[in-house]
Structure formats: structure tokens, C-alpha cells
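Engineer: the following block contains a protein sequence and its predicted model.
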2 protein chains.
Amino acid sequence: MNAPNIAETLHAMGLQARQAAAVMAKSSTAARNQALRRLAALLRESVQALDVDNTRDLARAEAAGLAAPMVDRLRLGAKVIATVAEGCEQLAAMPDIIGDIVGMQQQPSGIRVGRMRVPIGVFGMIYESRPNVTIEAASLSIKSGNACILRGGSEAIDSNKALARLVQQALQDSGLPPEAVQLVQTTDREAVGQLIAMPQYVDVVIPRGGKSLIERISREAKVPVIKHLDGNCHSYVDDPCDLDMALRVVDNAKTQKVSPCNASESLLVARGVAADFLPRIGEVFAAKGVEMRCDAEAAALLRNVQGARVVAATEQDWYEEYLALVISIKVVGGLDEAIAHINHYGSHHTDAILTRDHVHAQRFLREVDSASVMVNASTRFADGFEYGLGAEIGISTDKFHARGPVGIEGLTSLKWIVLGQGEVRG
Amino acid sequence: MNAPNIAETLHAMGLQARQAAAVMAKSSTAARNQALRRLAALLRESVQALDVDNTRDLARAEAAGLAAPMVDRLRLGAKVIATVAEGCEQLAAMPDIIGDIVGMQQQPSGIRVGRMRVPIGVFGMIYESRPNVTIEAASLSIKSGNACILRGGSEAIDSNKALARLVQQALQDSGLPPEAVQLVQTTDREAVGQLIAMPQYVDVVIPRGGKSLIERISREAKVPVIKHLDGNCHSYVDDPCDLDMALRVVDNAKTQKVSPCNASESLLVARGVAADFLPRIGEVFAAKGVEMRCDAEAAALLRNVQGARVVAATEQDWYEEYLALVISIKVVGGLDEAIAHINHYGSHHTDAILTRDHVHAQRFLREVDSASVMVNASTRFADGFEYGLGAEIGISTDKFHARGPVGIEGLTSLKWIVLGQGEVRG
């Protein structure tokens, strides 16, 4: 397929998506929930059929010499399918927010003014490897009354095509337009360039993947982007603080899982509790093989910890998202220095204070300029499921439109509605 | 001043704005309201001094041969100053939404999760001619705890500089950083290019002005833009309908003022009422000198109206925003055709149905994809003041982030807050 054909194909998909979006926007809650339940049933019926397509992707990945963990992410086993099917049913059971009317108020002129929640229209989703994202994105799109164009990774193309066929069948079986969820069938990179440059058809683009993909899309997109860049998350141990609690939470924030974006990458400790706290957390980290990149003061307090891997931190370390068994550690004078450090070096993703002081807790919540700010909890909680959103289409590190974990609400907009009785402007 | 200096100047302003934004974000409600009241007082005290600066702008405009209505828009008389001063006091009296916490809910893990409203940070505002916009933007910025960089039109530069000095004095007198509101002092166009390309300092750009300005900024901006393009607004007279009411409302929507974006540019009439309604509205329009660009069916019904200026509409007319004593008129089969026409030809700004039918009203509200949808009211009501927002920084024709009239809320974001008691992720 050559470039002009890709442009034509994407334009045709865009036009169909726009038309399908109008139908989805006025569809009934019952039809959309039915499509989700039907999709769950089709997924469960198709475990064996999906395995055939998935095996082709896996074989190709192995032949290409992909590392074992990468191959694993492609795998669509019965367990993965059961999980996404359950996710569809959970979404079907959630309340429908489309059509909600908020803030209806009488104005001095006599008109009543409020806002109605409506689908945003058409979104484009660009993602890598894991094929279950195809179902997650499709199900959120159906629930929120949108249409979407999905562009998955080339490694998962056979699995994604098979899954997209099930989604379209579920839509059709429920009386909804199958074009409401379309998968880009080519793996040509040109398709991404087209998808992000059709403002007449696509209202927002959501990239999920590595930083370089997201930066490229943000730079080139002609439509708004819900983007997720780094998660350089901090845990700050304040003075006064319940150090047993802090020990448990900081350990969890760093080591429960190191690859997610909400894992803590940096530990700040108030000087007043540093001599008590640092040797204790140092022992925990030493036992788990966590490398500690420390300022001089923290390094001095960790010097005598048996087996601790203590390294001098460079200026760059304070900016770093390691996604590994590494943490930067700094002793700070107190709350003011902690907030200033986080706002300067952090990535505005998720930051937590561990404290006993109510005023400090309130100031941290107010003044730390991040999508999620937490008191006495592990940064690992920054997640759509843990926040009660039901599902998550992505995590936004922007302030515009959607911030932090993005669920159904991020795929909607509020339009103004005005109810009058023949009022005119004077 | 040459280009490299402009870049340096703008970067320095951006850095100062970013620092001032952090101070504004944690400032007290009382200090921000005090600054607004102080600004109102300074404006009233300065009527004569402002006149000196304003006269320079007016003289320059006249010497340059600007048309009288354009010169008029530059004028900062005592009445204009009284109005903006009153606007500042009204804002001061409004509730502070910064720090509001919404939707706090206990999650199964034990954490409580909600969202806190916070300032968006720094916004850039680019506008033309009328210098009172300087005060409107500055006062909204102060109320919402943001910092802003203002770039007014070159015609009003002397007036704008004088107004910006008053704003900075009001901030300083209230213990707030004067750099929270900065005016670009040069009229060089290069400054706009810089202002919209500093994502590290500016979170969103709001252009107010002609379509070509807004299109240029949207194309070149490296930050989100709250943009306001056309207002091709429709009034649809449904069947059944109280035609006396429709006559009053359609007349108002078209003729009360023709230059605002919320004036109706197109009239759709259901076939069932067209023979009754069109001759009556035709008489009103004929008396007021409104040119009617009609499809064949409407033209036939208007043929016998004394003095009516009836012209055959072209396809282009259905897209047109006239901002003049001109209206396009079409007879449609009914609600479905009206909705399809509006969604196809309209600009998604503001559209109204005049109807007696409840089901039609509900469908129109749900299915017309516009920032404001109205039942039995004049489209001229689409306005921040009429909607009870207190003030308006602009009107957005986008669906992303803010839609329709944008008040203080559009200058804020919601961040997630999590309150725990030492919970960890399992």
C-alpha cells in the first residue's frame, strides 16, 4: 500500500467514524450496554479462535528475536481474555453519564441555563504491543457514546484484527453501527501521521506508549492530544510523621512494582526525622536490592546500613524516572523545600506526603502542582481502577481538559443548554 | 528591538509569570478580592490620567485613517472605565472556586479520592483594539489565581500600558506579585510567535479577534488554544410552534444586534408552519432592511411581502456568518432535516429550536452538536454574563476542555487528591 492510498483509507475511516459518532451520540443507554455484554460473551466464546491469531503474532515476535517479557505482553491467554471480558461487563453495569444535566439555574432574564454531558465525538487511540488495549479502548468508546479509530502496534496486528472483528460484531448485533470502532488495518507508520492530522474527523488523539512516541505525536498532531509523559513521582516523609506507617508506604511506593508510572522514583525526608527514618528504609531497600542515589546528607545517614548500595546523586538524578530498582534520596529542611523540589524536578504526575501534621497535609495538597497529590498513601494508587473510574483510557500529565487517570468523563464534553419561554435579549 | 531580544524578553516574562503563578495559586481569597477592589478604585481615580494615554492612541488611529467605528472601539471614556471597574467589584463579590473539593469518595482500598479545583497556571491572551479587554482579562486572571501575559493590539498600546500599570499597582498594594499580570510592551508581531511557543511557561493561549488571527495562532501554537471561530447560529421554527413567540424570538436573534457571534445567521422553518410563519417574519425583516437569502420554497412564500429583499441562496450561504443585516432562510421537512442541516452547515456555536413539542425539544438539545443549544430563547443569550458566569474570557467553539462561554472555571483544572491512613497497594 503506498502513501496516497493510506491517506485515502484514513480519510474514509474518518468520515465513517464521524457518521457513526452521530448515531452513537443519540443511541440508548440500553443498546450501548447490550453491545458491551455481547462483546464479553463473544470474547469468551472465541478463546480458541483468538489463540490462532495470537499465535501468529507470538511466532513472528519470537522469530524477530523479541525479548521474552516483550513477547509475554503480546500473549492473549484465556486469563487475559477473561479479564477484559469482565471489564466490559463492569462497564455495562456502571451508570451512563451521557445526557446528565448539571448546574441548571434560573438567570435574571428568565432563561434557565445548565450543562449537558455529551460524547466528545471521535477519538483516535495509538498504542503499542498489548492487544487487550484494543478491547479496553473499544469498550470505553462504546460506553461513552463515542466513535474511535484504533491504531495498535504492528507486533499485535493479527490479534488486534481478530479482536476488532468481535467488537464490530457486538455493535452490529446490538443495532449500533460497526464503524463506531474501527481498527487501522495497515501497519505502515504513515497511517499514524494521517490519523493525527484530520481535525475534521478526529476530535482528540490519545497515545499510549513510550516517551518518544508521545513526543512525536504531540509535536505533529493537528488535534488535541491527551498525553502521558513521565511519572517522576515523589514520596515525602514529613516531620512529624508516624515512621512505621511511612516505612510501609514508601517501601510499597518504590518496590511493589517498579515499572508502572506511579511508582515512586524519589524519596524526600525532613531533616528532623531523617536520622531515625533513613537507616530503617535503607535496610528495607538493601534487602530488596534497591540502589539509592543520595545527596551527601542522606548518604551519611545510610553509610552504616549493611549491604546498602549507596551512590552519590547527580543533578540529573532528581529529574529521573528510573522504572527500576533505583531511587533518589534527599534530606530537605521541611515542607517548603519539599514542595519547591517536587514542583521543580517532578513531572506533575503523582506525589505523596507522609505526615501527622494537618496544616502540612493541607498545604501539600494545595501547593504541589501535580495531577494526583496524596496524604499518607502509596503513589501506586494513582490509577483509574483504584480511583473508582471503572476503567482508564490513559493517564494525563497535562492540565488541560483531563488530568491524571482519564476514564469515561475524559471522553465527554459539557455543552450549554438553555430553556426559555420566548425570552429575548434586551 | 530585534527578534533575538524579543525572544529573550518573552522568555524572561514567562519565567516571571511562572513564579508569580505559584504565589497566586497559594494566595488567600481575601488578597485576590482585595486586589480586584483596589483595581476598581485605581481605575476610577485615574479617569483623567488614562484619558491622556488613550488620546494618543485615538490621535494615532485617526491619523492612520481608521474608520470611525474602529476608532470608537479604542475609546476609554469615563463610562467604559466605570463599567470595567464595576466588573472588577462584581468579580470580587463572587465566590472563590479555587480550592473547592468535589466528589470525595471512599474506595474499596480504604483511600478517599476526590478532586480539587486549582488554577491552570499561566495563560497568554492575544486580543485586538478594545483596551477594556486588558482589565477584563487581568481581573479574571487575578480572581482565578492564575498569572497571565497579555498581548493587546498595537492601536491601543498606550492605553494598555497605562491600564497594566494600574493592575500591577493593585496587585502590589494587596501583597500579591505584580508579575502575575504582565503586558507585552512591544507591538512587534514576533512577540505573538514567541508567546504561543513557550510550553514551559504558558499553559494555554486565548486569542480574541478575527478569524485569520485565530487560525494563525491555532496553527502555530505549541500550547493548547481556547479558540473561538465562527458563529453561524441557527434558529429553527418547529411544527407545532407558538408563532407569535417565534416571531419575537427570531426577530431578536437576527436584528437586536448583528455584529455579535451569537446573532442568528440562518432561519430554518418546518414545512407545516412555513406558509403561516414566513410571510410574517418577512414583513418584520423587510421593515428592518434585512436581506433574505432563500431556498426556492421559502422564496415563493416571501414573494408577496411588500418591500422584502429576497435573493436566491447559494450553497455557500448555508455556511456563512454574515454579521450583517442578512439571513439565510430554508424550509425543512421537520426536526430531522433541521438537525442534520445544523450539524452539517453550522459552526457548532449556538442553535435554537422554537417549539411546542416536548419530544422535539429534548431531541434537539441532545442531538445538535453545538456549544450552546436552546429551546424557545434567542441565540443572543449565548454569553458569559447571561449564563451567570460573572465574566467571560472568551467563547470556545472547541469541545476540548472548555466549550461555549468561558468564565473562571475554564481557567482552572481539577487535580486528584487522595487521603489515606497509610494504605499500600496490594
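Structural biologist: Received it, and whenever you're ready, just let me know what you need.
Engineer: going forward, measure contacts between C-alpha atoms and count neighbours the same way
Structural biologist: Noted.
Engineer: for the strand or helix carrying residue A:419, list the C-alpha coordinates in CSV.
Structural biologist: Element membership for residue A:419 (DSSP states H and E) is strand A:412-423. In CSV, the C-alpha atoms belonging to strand A:412-423 read as follows (Å, rounded to 0.1, in the frame of the first residue of the first chain):
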residue,chain,number,x,y,z
THR,A,412,-17.1,13.6,27.1
SER,A,413,-17.7,17.4,27.0
LEU,A,414,-20.3,19.6,28.6
LYS,A,415,-22.5,21.6,26.3
TRP,A,416,-24.6,24.5,27.5
ILE,A,417,-28.4,24.1,27.4
VAL,A,418,-30.8,27.0,27.7
LEU,A,419,-34.5,26.5,28.3
GLY,A,420,-36.7,29.6,27.7
GLN,A,421,-40.3,30.6,27.3
GLY,A,422,-39.8,33.0,24.4
GLU,A,423,-37.3,35.3,26.2
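Engineer: can you give me the helices for the stretch 251-400 of chain A?
Structural biologist: A:271-288, A:296-302, A:335-345, A:358-367 (DSSP state H, counting those that start in this stretch).
Engineer: out of these, which comes closest to residue A:106?
Structural biologist: helix A:358-367 (32.5 Å; CA to CA).
Engineer: I would like the residues contacting the strand holding residue A:419, please.
Structural biologist: A:98, A:109-121, A:144, B:245-246, B:248-249, B:365, B:370-378, B:399-401, B:403-404 (CA atoms under 8 Å, 6 or more residues apart in numbering or on different chains).
Engineer: mark which of those residues are buried, thanks.
Structural biologist: Neighbour-count burial (16 or more other CA atoms under 10 Å in any protein chain shown) applied to the contacts of strand A:412-423 gives A:98, A:110-121, A:144, B:245-246, B:248-249, B:365, B:370-378, B:399-401, B:403-404.
Engineer: take those residues and keep only those in strands.
Structural biologist: Among the buried ones among the contacts of strand A:412-423, the ones falling in strands (DSSP state E) are A:112-119, B:372-377, B:404.
Engineer: how about the residues of the stretch 301-426 of chain A by chain B?
Structural biologist: By CA under 8 Å from any CA of the partner chain, the part of the stretch 301-426 of chain A that sits against chain B consists of A:365-367, A:370-378, A:380-381, A:386-388, A:399-404, A:413-426.
Engineer: hmm, I typed the wrong one, I wanted the stretch 1-150 of chain A.
Structural biologist: A:22, A:25-26, A:99, A:107, A:109, A:111, A:113, A:118, A:120.
Engineer: farthest pair within the residues you listed?
Structural biologist: Spatial extent of these (CA to CA) is set by the pair A:22 and A:109 at 32.7 Å.
Engineer: regarding chain A, what is its longest helix?
Structural biologist: The longest helix of chain A (DSSP state H) is helix A:3-25.
Engineer: could you say which helix or strand holds residue A:207?
Structural biologist: strand A:204-208.
Engineer: any idea which helix or strand comes after that strand?
Structural biologist: Strand A:204-208 is succeeded, C-terminally, by helix A:211-220 (DSSP H and E).
Engineer: packing partners for that next one?
Structural biologist: strand A:204-208 (3 or more CA pairs under 8 Å, 6 or more residues apart in numbering or on different chains; DSSP states H and E).
Engineer: any chance of the helices of the stretch 251-400 of chain A in CSV, plus mean pLDDT?
Structural biologist: Output for the helices of the stretch 251-400 of chain A, formatted as CSV (pLDDT from 0 to 100):
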stretch, mean pLDDT
helix A:271-288, 98
helix A:296-302, 98
helix A:335-345, 97
helix A:358-367, 96
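Engineer: mind giving me the domain ranges of chain A?
Structural biologist: A:3-226, A:233-386 (automatic domain parsing).
Engineer: tell me the most buried of those?
Structural biologist: Across the domains of chain A, the average number of neighbours (mean count of other CA atoms under 10 Å in any protein chain shown) peaks for domain A:233-386, which reaches a mean of 21.
Engineer: ok, residue A:406 to chain B distance?
Structural biologist: Residue A:406 sits 11 Å away from chain B when distances are taken as CA to the nearest CA, to the nearest Å.
Engineer: what residues are up against that residue?
Structural biologist: Counting by CA under 8 Å, 6+ apart, the residues that residue A:406 touches are A:384, A:389, A:392-396.
Engineer: what do you get for residue A:177?
Structural biologist: Going by CA under 8 Å, 6+ apart, residue A:177 touches A:20, A:23-24, A:168, A:171.
Engineer: and those residues, which two are furthest apart?
Structural biologist: A:23 and A:168 (14.7 Å).
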